[in-house]
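> need a structure here:
(one chain, ligands or ions: 1)
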Amino acid sequence: MYVTGLMMQMPLLLSSILEHAERHHGKQEIVSRRTEGDVHRISFADTAARARKLANALTKIGVKPGENVATIAWNGYRHVEIYYAVAGMGAVTHTLNPRYSPQQLIYIINHAKNKTVLFDVTFAPLVKAISAHCPTVERWILLSDENKMPAEPPVANLLNYEALLADASDTYVWPQFDENTACTLCYTSGTTGNPKGVLYSHRSTILHAMAANCPDALGLSRKDTILPVVPMFHVNAWGLPYAALISGSKLVMPGAQLDGASIYQLMEEEKVTIAAGVPTIWLGLLNYVTQNKLSFSTFKRTLVGGAAMPISLIRAYDELGVDVMHGWGMTEMSPLGTVSKLAGDEYKLSKDEQYQLVAKQGRALFGVDMKTVDEALNELPWSGEESGELLVRGHWIVNHYYGDEGEKSFSSDATGKRWFATGDVSKIYPNGMMQITDRSKDVIKSGGEWISSIDLENIAMSHPAVQEAAVIAMPHEKWTERPLLIVVKKPNAEISRDELLKFYEGRIIKMYIPDDVVFVTELPHGATGKIQKSQLREQFKNHVMP
Ligand code: ADP
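Next up is the predicted model:
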């Protein structure tokens with residue numbers, strides 16, 4: 001007979017994070033670079049009060065629990081207030097990625113049946129372009145000061161956020177409901193077909209934020225100042241707006257200025273200790289810092305994910321005193337699944353060996369399980385040799401897509417456990433380190449072997465003349481596919497095709513070396529900062545391999 005424990009049961013609700021932040025870290029700050037142009041400061045206590053005002057204001061204009069309330073906004077204090085107020089009142093914050101095409105945004109707004117959209121002034125032209133195609137939207141709210149309303153509003157009956165707040169009371173009692181209630185909605189970037197919605201729950205979001213805060217992941221504390229460069233429209237800024245308020249860390253929000261110079265200035269002025277973002281952001285910042293012979297005075301740790309962090313960048317940041325934590329995950333995983341932090345003995349290895357480990361995608365957080373499988377879904381050994389598709393399960397992993405699409409991504413094992421197929425190809429090593437070798441659609445199938453495009457890109461990027469590299473598969477009569485390397489050179493750097501191909505010798509087995517190199521001035525990046533390989537495949541479909 002099982003015996004029931006005699007402990008309190010409190011639902012894991014996002015409003016409880018806000019209440020905790022107000023009561024226990026009330027003076028801590030959110031600092032934001034605003035679209036109005038200035039730097040704005042607000043305490044956690046005042047944020048909580050404004051979130052209560054917002055819940056009252058939204059209720060007054062007719063927003064109901066269960067409704068999807070969309071945002072098109074940069075990282076800033078208003079977006080944080082919306083995250084907490086909307087979810088706290090039992091509605092769903094639906095973050096729209098403004099880097100999607102207008103057609104994709106229209107599809108998503110209609111799919112999610114959004115009635116309310118809150119947007120930054122930067123996105124007024126976008127709203128103007130899409131609003132006529134969004135018949136479900138009844139309320140468009142501009143996130144700006146009352147006196148900064150545009151002379152020509154992008155839509156009729158435009159509401160002003162600050163005016164709504166000014167009229168609202170800050171007395172509001174957050175309702176208590178089931179922790180499995182939905183709180184946020186985020187769509188995948190739709191690289192394979194239409195974007196699919198992932199509907200997070202209060203429970204999954206809090207458990208994710210707590211796990212992300214463990215010492216072998218973000219390890220945030222009251223002493224930290226965190227800069228989420230990763231946008232709040234990209235998988236909830238990887239949960240950082242929750243993790244920071246749980247741990248009492250100062251939150252610094254970069255707004256729309258994500259270039260190296262702006263990020264560096266904000267880091268130095270606000271004494272940022274930890275940051276998070278995709279590799280392209282760190283590339284931009286590194287270029288700025290090295291070109292201007294600068295150094296970091298407080299910045300010590302960064303969580304990098306969304307795409308593989310090249311070893312060359314991990315090394316460069318280490319040399320600047322910044323510890324890179326490489327994280328892997330996806331929209332469907334809230335997003336964090338693994339983080340590559342070294343274990344005890346690994347700190348005794350040479351720097352080069354350490355970088356090799358950090359460049360892998362890391363070990364699973366508690367709360368996530370993972371396995372690699374063959375085509376018949378049999379689990380592969382953790383030998384570090386065989387790669388297969390990576391399957392995951394856990395407290396913050398999608399169970400169904402919103403609208404019940406994509407059911408083929410799910411399977412049950414012999415014990416009835418449900419697994420989600422990530423679409424990533426990976427290897428797991430005996431020490432528990434997982435390494436993504438490719439997305440299943442990007443892998444290069446050559447002569448019966450799978451060549452990892454990530455490995456080939458890493459080697460190219462370790463050449464001092466290479467700024468960015470992408471490898472795609474080209475059809476080949478004899479070998480099925482062969483790798484083509486596409487490269488952006490560093491400014492003023494020179495390197496020839498043959499020199500670059502020679503650089504691979506001794507670094508990887510001969511049959512993996514790309515057959516050809518093309519130099520371009522720029523690589524196409526998608527809505528979440530990833531290189532758009534589908535676009536490259538289209539662009540180079542007529543390229544003649546030697
Ligand atoms: P999408 O909608 O394109 O899937 P996500 O932002 O959810 O957008 O991206 C998830 C994908 O990004 C993963 O499936 C994986 O292929 C890639 N990814 C994320 N983090 C890493 C990493 N650290 N290394 C390599 N690939 C990564």
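> which SS class is the closest residue to the ligand within the stretch 1-150 of the chain?
Nearest residue of the stretch 1-150 of the chain to the ligand, counting by C-beta to the nearest ligand atom: residue 97, 9.4 Å away. C-beta coordinates here come from the backbone N, C-alpha and C atoms, glycine included. On the three-state scheme (DSSP: H, G, I helix; E, B strand; the rest coil), residue 97 is labelled coil.
> show me the residues around it that make contact.
Residues counted as contacts of residue 97 (C-beta atoms under 8 Å, 6 or more residues apart in numbering) are 187, 189, 231, 233, 234, 527, 528.
> Can you give the contact residues for the longest helix along the chain?
Ranked by number of residues, the top helix in the chain under DSSP state H is helix 44-60. By C-beta under 8 Å, 6+ apart, the surrounding residues in contact with helix 44-60 are 18-19, 21-22, 25-30, 42, 69, 77, 80-82, 84-86, 88-89, 91, 116, 164-165, 167-172, 174, 245, 248.
> With stretch 132-144 instead?
Outside stretch 132-144, the residues that touch it by C-beta under 8 Å, 6+ apart are 35-36, 61-63, 70, 73, 76, 78-79, 106, 109-110, 113-121, 124, 127, 131, 149-150, 153-155, 157-162, 164.
> Show me those that map onto strands.
Filtering the contacts of stretch 132-144 for membership in strands, criterion DSSP state E, returns 70, 116, 117, 118, 119, 120, 159, 160.
> For the fourth one, which non-adjacent residue is spatially closest?
Right, residue 118. Closest residue to residue 118 apart from its sequence neighbours, by C-beta to C-beta, 6 or more residues apart in numbering: residue 141 at 4.5 Å.
> Would you confirm that the one you found belongs to a strand?
Yes: under three-state DSSP, residue 141 falls within a strand.
> For it, grab the count of nearby residues.
A count of nearby residues for residue 141, using other C-beta atoms under 10 Å, gives 21.
> Now do it, the pLDDT please.
Looking at residue 141, its pLDDT reads 98.
> Quick check: beta-bridge partners of it?
Taking DSSP bridges as the rule, residue 141 bridges to residue 118, residue 159.
> That one and residue 361, how far apart?
Distance from residue 141 to residue 361, counting by C-beta to C-beta, to the nearest Å: 39 Å.
> Now the worst-scoring helix or strand of the chain on mean pLDDT: buried residues?
Here the helix or strand of the chain ranked lowest by mean pLDDT, DSSP states H and E is strand 449-451, holding a mean of 82. For strand 449-451, a neighbour-count test (16 or more other C-beta atoms under 10 Å) marks 450, 451 as buried.
> Which strand or helix spans the residue nearest to residue 34 when sequence neighbours are not counted?
Nearest residue to residue 34, sequence neighbours excluded (C-beta to C-beta, 6+ apart): residue 40, at 5.1 Å. In the assignment (DSSP states H and E), residue 40 maps to strand 39-43.
> pull the CA atoms of that strand into CSV?
Output in CSV follows, covering the C-alpha atoms of strand 39-43 (Å, rounded to 0.1, in the frame of the first residue of the first chain):
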residue,chain,number,x,y,z
VAL,A,39,17.7,53.2,-20.9
HIS,A,40,14.9,52.5,-18.4
ARG,A,41,15.1,51.0,-14.8
ILE,A,42,12.4,49.4,-12.8
SER,A,43,12.5,47.3,-9.6
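> What pairs with it, parallel or antiparallel?
Here strand 39-43 has these sheet partners by DSSP bridges: strand 29-33 (antiparallel).
> average model confidence for the strand it pairs with?
The pLDDT scores in strand 29-33 average 98.
> and what of stretch 265-277?
On average, stretch 265-277 scores 98.
> so how far is stretch 527-546 from its chain's centroid?
Offset of stretch 527-546 from its chain centre (C-alpha atoms, centre = their mean, to the nearest Å): 22 Å.
> Check stretch 384-396 too.
In terms of C-alpha atoms, centre = their mean, the centre of stretch 384-396 is found 19 Å from the chain centre.
> distance between the ends of it?
Using C-alpha to C-alpha, to the nearest Å, the end-to-end distance of stretch 384-396 comes to 26 Å.
> so does that stretch get close to the ligand?
No: if you take C-beta under 6 Å from any ligand atom as the test, stretch 384-396 misses the ligand, and the best it gets is 8.5 Å.
> Tell me the buried residues in that stretch?
Those would be 387, 388, 389, 390, 391, 392, 393, 394, 395, 396, for stretch 384-396 by 16+ other C-beta under 10 Å.
> Next: stretch 114-133.
Buried positions in stretch 114-133, judged by neighbour count with 16+ other C-beta under 10 Å: 114-121, 123-124, 126-127, 130-131.
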